Structures are given as C-alpha cells and as structure tokens.
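Student: generate a structure from the sequence data that follows.
(one chain, ligands or ions: 2)
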Amino acid sequence: MTKSAGEIKIVQISDIHVGEEHFVPSLLTRCINEINEFEPDIVIITGDLTANGFRREYDTFKNYLSPIKCKNLLVQPGNHDSRNVGYLHFEDIFGERYTSLSYKNLKIVAADSSEPDLDDGQIGREYYKWIKSEFENCEANAYRIFTMHHHLIPVPNTGRERNIVRDAGDVLEILVDSGVDLVLCGHKHVPYIWRIEDLLLLTAGTAASLRLRGRIEPNYHMIFLREEEIDIYRRYPFGRVEKILGIKRKTKKEKLCSKFAEEKIKEGPKGKVDEALEY
Ligand SMILES: [Fe+2]
Ligand SMILES: [Fe+2]
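Tutor: Numbering: from 1, shown residues only. Ligands and ions are numbered 1, 2, ... in the order given. Presented below is the predicted three-dimensional model:
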C-alpha cells in the first residue's frame, strides 16, 4: 500500500469508548502505531470517543491521540460523547461539532448527528443549507466526503432499526444532489458498505473496544482516493488487512429519481394516454 503521486490517504477510526469496561488501551495504541506507519494525509474519528461524555474521559482520549503524527485530524462526537452535556467538553477540546476540511482536491463536511442524552440522532434541517453550500463551494471535480456518527441507512446485524438518523431521507437527498462520493459513519460497531445512486456509504466498526456483535472483530478503515479510483481497506489491529472495495470513481453522477421526473406522458387525439405507454 505505497503512495502514488496525487493520491490522498485517509484513515477512519470510530467508537473508541474510552472509560468503558470494554475499552482496550492496547488496541488503541496499536491502531495509532499502524496509522503512523501508514502516514495518512487525514485521520477522521467518527464519534463515540468516550463512554459517558465526562471531562476525564475526554482528557484521557486526547492523551491517547497525542502520538498521532497526522496534521489533519478531524474528530466528531457520537451519542456517548453528548451524554451528561459532554458536547461542551467536546467543543472545549476539539472545537466545532459541525465543521469542514479542504485538502488538495477533497472537501470533507462533518456534522454532529448526536442529541443530548439520546442514543438515536439527527442532522437537523437547520444545517441543510450549510451542508449544501460547503459542497457547492469546492471545485466541480473535487472529491466530496460527508461524515457523521449515526447510520444514514440501515446496516445488517445491528438489531431492530433505531440507528439511522431521523431525517435520513432528507440528508440522503442533499448528499446525492451535492455529488458526494463517500459517507463515513460509525455507531453500531458493525462494518459495512452500501452504494446508493453513485454514493458509497461506509460504516466502520469499533477500533478499540470489545463492544462487539457476533463474530466481528475490532477494525478501522484505510481509504485511498486516486484520480480515477477509490480503494478501501479494512484493517484489524494486530491482524490482517482486507481490501473491501476497488472502484472506478464516477465523476458524472446520476440520480434515478430525476429520470422519472423528466418522463412526459404523451396524450392521443382524444386526450387518452398513448397506447404505447399503457401498462
Ligand atoms: Fe459506539
Ligand atoms: Fe454510537
């Protein structure tokens, strides 16, 4: 996995849960060593940094992060971090909960999907304009990534559905209309990838805890954005690396729904629908 000219290397880790009995410090320190060896351009942490949003947990988490050598670190909160008004500590330590990052030919928009003391979440309609304008204000052919903690569409093996954001349909449409390439999520600790329209939705597992479902092991993602390709690898700390996707990038994106809207119904001489269109 050596770097070729012009490519962007990203790591996504998620659901660390510092302060929980299931948190395993050696998994996190191992992850950080592996990340430093990989030398990514950007590291994204998609929430659930802590167990209960307590200041002490945040401080411990930040101390663990300090050896990361990557300059572009994008941290966002999850439902656990917003417990006990923990989002205030998040803002004190990491800054804005809704933020964006531009790097070379890439724009990342990160939104806080958590709600205080609730396990489920939403993006919130008051942020839709902001999301649209962030993606509008970048080069036409720039890579576009959106990150959030909760799921945007259901993920198998996560139990009965209560994990997608409440405004998932609206957010999904905004992202598709904005030409987003990739959505990064965490939350239920089950890694998965979906494709909707020309949008890839990548969910990471937990990188450093044993809050695991079924046979899943702790894992995180390594992503390569190249001029014409997206390659995604899943890495298991102390263990193997799997390539989960190698795909040609679509620069001209299509939306199935807009094709339906373009279809005109022809009417015959008596105002009847053309026979050819009857079904
Ligand atoms: Fe979590
Ligand atoms: Fe979560």
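Student: for residue 133, grab phi and psi.
Tutor: The phi/psi pair for residue 133 (degrees, to the nearest 10) reads phi -70, psi -30.
Student: can you check the one 3 residues further on too?
Tutor: When quoted as degrees, to the nearest 10, the phi and psi of residue 136 stand at phi -70, psi -30.
Student: residue 207 contacts residue 218, correct?
Tutor: Yes: the criterion here is Cβ atoms under 8 Å, and residue 207 meets it with residue 218 at 5.8 Å. For the C-beta atoms, the positions are set from N, CA and C on the backbone; glycine is no exception.
Student: tell me if stretch 205-217 is near ligand 1.
Tutor: No: figure legend: stretch 205-217 not in contact with ligand 1 (Cβ under 5 Å from the ion); closest approach 6.2 Å.
Student: ok so, going back, what do residue 207 and residue 218 both touch?
Tutor: 27, 237 (Cβ atoms under 8 Å, 6 or more residues apart in numbering).
Student: so between these two, which is more surrounded?
Tutor: Using other Cβ atoms under 10 Å, the more surrounded residue of residue 207 and residue 218 is residue 207, with 30 against 26.
Student: list the residues that contact that one.
Tutor: Counted by Cβ under 8 Å, 6+ apart, residue 207 has contacts 13-16, 27-28, 31, 218-220, 237.
Student: swap in residue 4?
Tutor: residue 226.
Student: what about it, helix or strand, and which?
Tutor: Per DSSP states H and E, residue 4 falls between elements, in no helix or strand.
Student: that one and residue 21: what is the separation?
Tutor: From residue 4 across to residue 21, the span is 43 Å (Cβ to Cβ, to the nearest Å).
Student: report all helices and strands that the biggest helix by length in the chain contacts.
Tutor: Secondary structure assigned by DSSP state H gives helix 25-38 as the longest helix of the chain. If you count contacts as 3 or more Cβ pairs under 8 Å, 6 or more residues apart in numbering; DSSP states H and E, helix 25-38 packs onto strand 8-13, helix 55-65.
Student: just send the ones you listed back as JSON lines, with distance to ligand 1 too.
Tutor: What follows is the helices and strands packed on helix 25-38, written out as JSON lines (distance: least, Cβ to the ion, whole Å):
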{"stretch": "strand 8-13", "distance to ligand 1": "12"}
{"stretch": "helix 55-65", "distance to ligand 1": "13"}
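Student: what's the residue of the stretch 151-279 of the chain found nearest ligand 2 in contact with, if anything?
Tutor: Nearest residue of the stretch 151-279 of the chain to ligand 2 (Cβ to the ion) works out as residue 187 at 4.0 Å. Residues in contact with residue 187 (Cβ under 8 Å, 6+ apart) are 14-15, 47-48, 78-79, 149-151, 163, 203.
Student: phi, psi of the residue nearest to residue 42 when sequence neighbours are not counted?
Tutor: In space, and not counting its chain neighbours, residue 42 is closest to residue 72: 4.3 Å by Cβ to Cβ, 6 or more residues apart in numbering. The phi/psi pair for residue 72 (degrees, to the nearest 10) reads phi -100, psi 90.
Student: so residue 72 sits right up against residue 41, yeah?
Tutor: Yes: between residue 72 and residue 41 there is a contact under Cβ under 8 Å: 6.2 Å.
Student: from ligand 2, how far out is residue 72?
Tutor: 23 Å (Cβ to the ion, to the nearest Å).
Student: counting neighbours, what do you get for that residue?
Tutor: 16.
Student: do residue 194 as well
Tutor: That count, for residue 194 with other Cβ under 10 Å as the rule, works out to 16.
Student: for the one 4 residues further on, same thing?
Tutor: Under the neighbour criterion other Cβ under 10 Å, residue 198 is assigned a count of 16.
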